[in-house]
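Trainee: Here is the input, now give the coordinates:
(5 chains, ligands or ions: 8)
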Amino acid sequence: MKFLPTVAEVLRQITKTPATNIFPAKYLPPSITGFLRSVGEGKASIHPPIGTPPKFRGKITYDRDTCTGCKLCIRVCPANAIEFLPETKRVRIYVTQCVFCSQCNDACPTGSLVMSDEFLLATEDRYAEEMIVE
Amino acid sequence: MSEGAGKKATYNLPIGPIHPALKEPILFTFKMDGEVIQEVDFAPGKAHRGVEWMGMRRNPVQIVHLTDRICGICGVSHSLAFARTVEQIAEIEVPERAHYVRTIIQEFERIQSHILWAGVAAHELGFDTLFYLAWRVREESLDVIEYLTGNRVNYGIIQIGGVRRDFTSDQFPRIEASLKYYEDLLGKLLNLFLDDKSIGLRCRQCGVLSRDDALRLCTVGPTARASGLNMDVRQDSPYAAYGDLDVRAVLPDQYLSGTNGDVYDRIVVRLLEVPQSIGIIRQCLDQMPPGEVLWETKYAKILATCKKAVGEAVGRVEAPRGECLHYVRMDGNSNPHTWKVKASTYSNQMAWLKILQGEQIADIPIIIASIDPCMSCTDRVAIVREDGTDVLTKEDLTRLSVEKTRRLMQ
Amino acid sequence: MIPDIIMHNLPAFLIAVPMFAAFATPLIGRLGNERVRDAWVLLAMALTAAVAVLLAAQVYSAGTLVYTFGGASPGIPVPADSGGIPVRIIFTIDAMSAFMALIAGIVGFSVTAYSMASQSRSSGRESYYMLLLLLTVGVLGMVCTGDLFNFFVFLEISSLAGAALVASRVDRGVAVEAGLKYAVLSTLGGLLVLFAVALLYGQYGSLNMALIAHQMQFTVLDMVALVLLVTALAMKCGAVPMHFWTPDAYSMAPAPVTAFLVVASQASLYGLFRVVFTLYNVTLNYSLVGWFIIIIGVLSMVVGVTMALPQKDVMRLMAYHAVSQTGYMLLGVGVGLAVLGDETLMSTFGLTAMEGGIFHIINHAMYKGLLFLTAGAVFYRTGTRNLNQMGGLGHNMKWTMVFFIIGALAIAGIPPFNGFASKLMIYESVFLFNPFLSIIAMVVSILTLASFVKVFHSVFMGPQLPEYQDVKEVPAYMLIGMGILALVVIVFGLFPQVVVDGLVAPAASALVDQSSYIASVLGGI
Amino acid sequence: MITLIDLLMIVVGTIFVAGFGIVAGLCIFGIDRKFAAHMQARIGPPIRQPFIDVMKLLCKDSVIPENAVPSIFNWAPVVALASSIVILLYLPLGSIMPVLGGLSGGYGDLILVMYLLTVPALAMVAGGFASGSPYATVGSQREMVTMMAYEFPLAVVIIAIAWRLSMAGMAEPFSLATIAGLTTGVPIWGVVGPVGILGCIILMVVLAWVTPAEVSRVPCDTPEAETELCGGLLVEYSGRNLAMFYLAQAVKTVAMASLAVAIFLPWNISWYVAMPAPAAVVVDFIFYLVKVVVVVFFSVSLIRVSMARFRINHLVTIYWGYLAGLGIIGLLLIMLDAFIKGGIVI
Amino acid sequence: MKLNRAFSRSLWVFHFNSGSCNGCDIEVVATLMPRYDPERFGVKLVGSPKHADVLVVTGPVTHDMGGRLRRVYEQMADPKVVIGMGSCQSGGVFFDSYNLDGPAEEIIPVDVYVPGCPPRPEAVIYGVVKAIAKLEGLDGGVQ
Ligand code: SF4
Ligand code: SF4
Ligand code: SF4
Ligand code: SF4
Ligand code: SF4
Ligand code: SF4
Ligand code: SF4
Ligand code: SF4
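Mentor: Ligands and ions are numbered 1, 2, ... in the order given. Next comes the predicted model:
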């Protein structure tokens, strides 16, 4: 069909495998909670999401031992996501506030801050424990 | 054929600010006669976040990431334009290789953005298969961008005085593979979009913007080029590495027999800019000089240099949607004294009033989309008090502008 | 139960009741109070309707009825050599006539009930009711008479009463103009009829239809008479291209009058059929005249509906639809006529087409009357007929809206309402004659629907308009008037077969069967 | 006359057909979504998804907007669903005779079906108008125009087929039992000669294009156009009411597909393979379902994934111009065929 | 309002852009694309809040959109879920501005946050999964 080129395209496509990456499973399991539980127990597995490239900017990690408390990261953070804790002279990072720019990584003179490749971060409580890095 | 149902002679049809055809909030008010548009008015400002205001309270290194998020589609245009102003004021010498990296990223951004737009246009036409197809192939450019910068959308690659990441030679095959991918795909994309009768039926002679109107309304970018204006910042006042490269504006008559300035021509221009970008990236890969990509890696130093800078400058960039312009004035504080952003949609949006008139309801989405509007980077002004008692007239605005300019001059 | 004297003289009562009531109305109006007068009129109409029903029952069971006014034994056939007894009034009531009388009876009664409330605010109600009753007399006379001259007389009665009623909204100049237009055209039509009657009388020395039909030679003069009659009656029934008076008259008259004028038009249509089928019949070139009627019908359908689509005035819009619907009747009957000569074709589809056309007459009278009454109800409450000035009435006038929906679906031929039943008969017979005719009929039907959806939306839907915030439902009398018609619409739609078998088929075969008509009048020849 | 037994049969049949229509309609929707998804290189929802959608909608609130005329707003979905089911009652399903239609003679046929098909659409129009929202109003107006647009070509197809059948001397040419060859064993293809076959193919194409308009799918989904009208005439509907409209659409899709099957793909396996009566009914029924899926694939799924939406004025030009023209060519070919085969009186 | 099991497996999404940078909006749409295809889970985007079960909010909620956000939320038929997408829902680069009413949680209750600027499409899908898990919890722990 010259005037509807898509017809040929879709008919060709119907025989091919879909482009979908079936994360976390092809269809919704009968119960998500049950599914997550059996994943936890190792009885089922989550189909992995599309892989991240090296140097992907995921959830931030912090090495409080190497940190010197120079506060440079705070000066360059565009999102006000880093808080200085005067008692310990260390910093605390709020992941839900961070915009994953990794600027603090670049700025940190001691390399205490590194972006991980973790990006499945959805949460019901934005101040949950795993959402605060310190 | 008379419309099947009754209408009061004319009626008002509001569209927006939240409407599936508009991915961003903006309120249109149409005065309709049946299905035909008599008059158009629109109220932007719904996405006004006070970006410039916030920026004037932050240092340039932070602002770069704010500019990234003026709009998430052109992840690099705004930050590039902004960085160029600061670099000019602080007289920072950007390493040559950084220019090439910036260029490559900008062209990937263009590929990504134009294919995105093509998909959106198809969606506005109710052609979801093409929408899916376009966005499916767009993922490839996002993958490359993510591979090169670490994020799919807000690249964060620009830094004052260069770029934050260099491309290593082991990354080149990946880039090359994706260029090849798009080259192979291009024929199919052009065929699917441009030979389809149902798209032609909807887009030809629809939303026509004549060359004169395009000129008079100060349109920029593909919108202007689709009306036959030979203009492109990359060609007219090259920045980054464009001066070394062969860049020529894409005009619809390079593909079609003539220029109509209709929606169809805008599709043609955008689709043809994809191979153009591929060509530019190829040139960059070939010519890229070795060397540093950032003039200074110590952030304290960058911050200090920016703080010392005094002066003003303008940075112009050809974003996918047209010229994007930043003006910055630094006065020796860590924060800019003034920052103005003029995005491409700012210039293009007035064309709506012209091209929507006399068209039908059904064409509203595609015509609005045809200039590829981005409200998030356009919404510079908002009337904050909503009672509408203090709408500013043209005279008020001119007076305020003059006053402000005087203030800046002091 | 009912005295024999009445049963034997039903035709006389059919005319006498409304006639007497008409002349008595002004007197009663002067004597008693309004209640009494209203009751009197309503009673008279009810009686007339009842007589019509009885008469129809009699005719349907016992066959064609010949009634000579003032005759010692009114039922005796007229001898063939009597010369037609031009002075005496002879009614020849076959099934078709009874059918028409029935329509007039039902619509007449609902319209009167409706008028009780709708006219209560206007002046000159005595003359209004009188004219309405006279109009009824005219219509009933036209459909029952067996005599050409009397046909002319009743035609004139109905025309004059109609014209006066159209103009009765005296406060409006346009109404008077429309009334005048109606009067002039009616007179013109009447003159043409009179001329034709004269031509026929000159040749055959008789005015009795049966007698003339019996002797019909189809000379040149007869041909001229035919043309005159067909022209005049087509004009009176509002067929294209002589439809131009209908929008004016229908839209200017008070709604109940318009509803009844529809019946009056159909009486003219009846006249047309009578002339063609009874007066001329065998002498005609069926195919030619049939095609002529078909073409008029198709034109009426198409032109009527296309003119209706852009109208802004509800009544005008409905008037154009009346033109369009008349087209269906002409189409159905025209196809029947075109194949009248061919036994097999007649039995495969010709008769069905005619039945469809005739069924459509009664259906149209019901739903179009209903629609006009709803339009009147809306006008009664809002004071406007302009679609652009209405809106949101569905919030307050629920019943009117429901009646409107019923009428609109019926006219658009949507099942299960009566309009569909008759249109279906037309589609499914006419396509055998020529498939394109059916296709056109179906397309016109959908356009009709579109047009009424537009009205529905403009009048009843949308947000409540501030100026109609306090609008209430119309008074009960008006609802009753509309309710009766709506009921008929629904019942006929649900049980079309019963109606067709019981009412329509006999009427159609009576119309087709010229010889038995002649025989019943002239005695077994 | 209708006896009590008949009446009982009708009641039972109606319940069955209603259930069948809803289940089949939702399955068809699921299959359609699956096909479409695969054509778009996606996996798509499971086939049972429409059932889940409906169940979900049923548990949600039904919000009545402020400007609505509540009576019509609430009744429209009921009428739409009920009338869609009624259509199915008149259609043969496989070799099963229609529940209604055979009885009162001549009153349960193709034209009735054609007009019944407008009723759910009309209910939607009324519901849209009654919503009192500008989007819904525009949607309703467009639905009305769409209806006008497709009715013409549809009328041509129906009349052409019936005309040819009756020229071939079949009684009750409009009866779907006749058309589907249930009473005669001869469908339209068996009646016509080579010219007529060409004409029939043209008419089949026309009917295939009328289908998306009847069931409001791309390219004729202008009344609901998501990007233009946010869902158009259904914009204000939610919960139970929306579910009913959804079901009505589903049933209507089955009806439209069954109509196409009855007219153009009426063959039953039992005509060719001898088998006991109960088995024949089952086999034919399954075969009929297959045919319905095929029809839906070609005239709904395939078209909707490979086209842009028409503008409303295009719709009128295309249906009244091209498709009606095409239909008339088909009709003329069929008439020619009848002349060639002889037996024509007029 | 009684939740039935079907609810969480047929989530119709209405997307509300409250003045975001487009990054999240584009990723919302990208999430719907063949590569991720949440329609597998019955998730689809709808054009009217009346039809929606899930409200996906993106952006920092500008002053103009604050009231509208509340209105859209109120228009949705019960039961309903809100997913706050992007770092803007809890901070991000937009803060300290005179024209922001947000983040969204100050206006309407947010059930699930999806951090990221913008989140990757699969992070959004994960957010939906979280939402469904939460619904199942409300449902009385359907197994
Ligand atoms: S990654 Fe960026 S936003 Fe996040 S903490 Fe570091 S500097 Fe701040
Ligand atoms: S920049 Fe590095 S060392 Fe300095 S405070 Fe931050 S994390 Fe610690
Ligand atoms: S209007 Fe302009 S200056 Fe003001 S906040 Fe928005 S972007 Fe900044
Ligand atoms: S032009 Fe549009 S896409 Fe580009 S940065 Fe501005 S808003 Fe974003
Ligand atoms: S000062 Fe006037 S002319 Fe200049 S940019 Fe502003 S509005 Fe335009
Ligand atoms: S008053 Fe002047 S400076 Fe302020 S926003 Fe308007 S144009 Fe810009
Ligand atoms: S006020 Fe003067 S200096 Fe300022 S923008 Fe206008 S013309 Fe230029
Ligand atoms: S979270 Fe980030 S990407 Fe999303 S809208 Fe906010 S700034 Fe943009």
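Trainee: In contact with residue C:463, which residues are there?
Mentor: The contact partners of residue C:463, taken as CB atoms under 8 Å, 6 or more residues apart in numbering or on different chains, are C:391-392, D:67, D:132. In short, each C-beta sits where N, CA and C put it, glycine included.
Trainee: Name the SS class of it, please.
Mentor: coil (DSSP: H, G, I helix; E, B strand; the rest coil).
Trainee: Quick check: it vs residue B:350, distance?
Mentor: For residue C:463, the distance to residue B:350 equals 34 Å [CB to CB, to the nearest Å].
Trainee: got the residues of the stretch 1-150 of chain D near chain A?
Mentor: D:35, D:37-46 (CB under 8 Å from any CB of the partner chain).
Trainee: Next, format these as JSON lines and append pLDDT.
Mentor: Formatted as JSON lines, those follow (pLDDT from 0 to 100):
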{"residue": "D:35", "pLDDT": "86"}
{"residue": "D:37", "pLDDT": "86"}
{"residue": "D:38", "pLDDT": "86"}
{"residue": "D:39", "pLDDT": "85"}
{"residue": "D:40", "pLDDT": "84"}
{"residue": "D:41", "pLDDT": "84"}
{"residue": "D:42", "pLDDT": "85"}
{"residue": "D:43", "pLDDT": "86"}
{"residue": "D:44", "pLDDT": "83"}
{"residue": "D:45", "pLDDT": "87"}
{"residue": "D:46", "pLDDT": "87"}
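Trainee: now those in TSV, with neighbour count?
Mentor: Formatted as TSV, the residues of the stretch 1-150 of chain D next to chain A follow (neighbours: other CB atoms under 10 Å in any protein chain shown):
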residue	neighbour count
D:35	21
D:37	23
D:38	21
D:39	28
D:40	26
D:41	23
D:42	26
D:43	20
D:44	23
D:45	27
D:46	20
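Trainee: quick one: which of those residues is nearest ligand 1?
Mentor: Nearest to ligand 1 among the residues of the stretch 1-150 of chain D next to chain A, counting by CB to the nearest ligand atom, is residue D:42 at 33.7 Å.
Trainee: got the phi/psi numbers for that closest one?
Mentor: phi -120, psi 170 (degrees, to the nearest 10).
Trainee: next helix or strand past the helix or strand bottoming out on mean pLDDT in chain D?
Mentor: Lowest by mean pLDDT, DSSP states H and E among the helices and strands of chain D is helix D:226-229, with a mean of 60. As assigned by DSSP states H and E, the chain's next helix or strand after helix D:226-229 is helix D:239-264.
Trainee: could you give the mean pLDDT of that next one?
Mentor: Mean per-residue pLDDT for helix D:239-264: 86.
Trainee: Send me the following helix or strand past that helix as PDB with only the CA atoms.
Mentor: Per DSSP H and E, helix D:239-264 leads on to helix D:277-296 as the next helix or strand towards the C-terminus. These are the backbone C-alpha positions of helix D:277-296, laid out as PDB (Å, rounded to 0.1, in the frame of the first residue of the first chain):
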ATOM      1  CA  ALA D 277     -26.700 -31.400  14.400                       C
ATOM      2  CA  PRO D 278     -25.500 -30.500  17.900                       C
ATOM      3  CA  ALA D 279     -21.800 -30.800  16.800                       C
ATOM      4  CA  ALA D 280     -22.600 -28.700  13.800                       C
ATOM      5  CA  VAL D 281     -24.000 -25.900  15.900                       C
ATOM      6  CA  VAL D 282     -20.900 -25.900  18.100                       C
ATOM      7  CA  VAL D 283     -18.400 -26.200  15.200                       C
ATOM      8  CA  ASP D 284     -20.200 -23.500  13.200                       C
ATOM      9  CA  PHE D 285     -20.300 -21.300  16.300                       C
ATOM     10  CA  ILE D 286     -16.500 -21.600  16.800                       C
ATOM     11  CA  PHE D 287     -15.900 -21.000  13.200                       C
ATOM     12  CA  TYR D 288     -18.100 -17.900  13.400                       C
ATOM     13  CA  LEU D 289     -16.000 -16.600  16.300                       C
ATOM     14  CA  VAL D 290     -12.900 -17.100  14.200                       C
ATOM     15  CA  LYS D 291     -14.500 -15.100  11.400                       C
ATOM     16  CA  VAL D 292     -15.500 -12.300  13.800                       C
ATOM     17  CA  VAL D 293     -11.900 -12.100  15.000                       C
ATOM     18  CA  VAL D 294     -10.700 -12.000  11.400                       C
ATOM     19  CA  VAL D 295     -13.100  -9.200  10.600                       C
ATOM     20  CA  VAL D 296     -12.200  -7.200  13.600                       C
END
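Trainee: who does helix D:277-296 touch, helix- and strand-wise?
Mentor: Secondary-structure packing of helix D:277-296 (3 or more CB pairs under 8 Å, 6 or more residues apart in numbering or on different chains; DSSP states H and E): helix D:4-39, helix D:239-264.
Trainee: Thanks again, I'm all set now.
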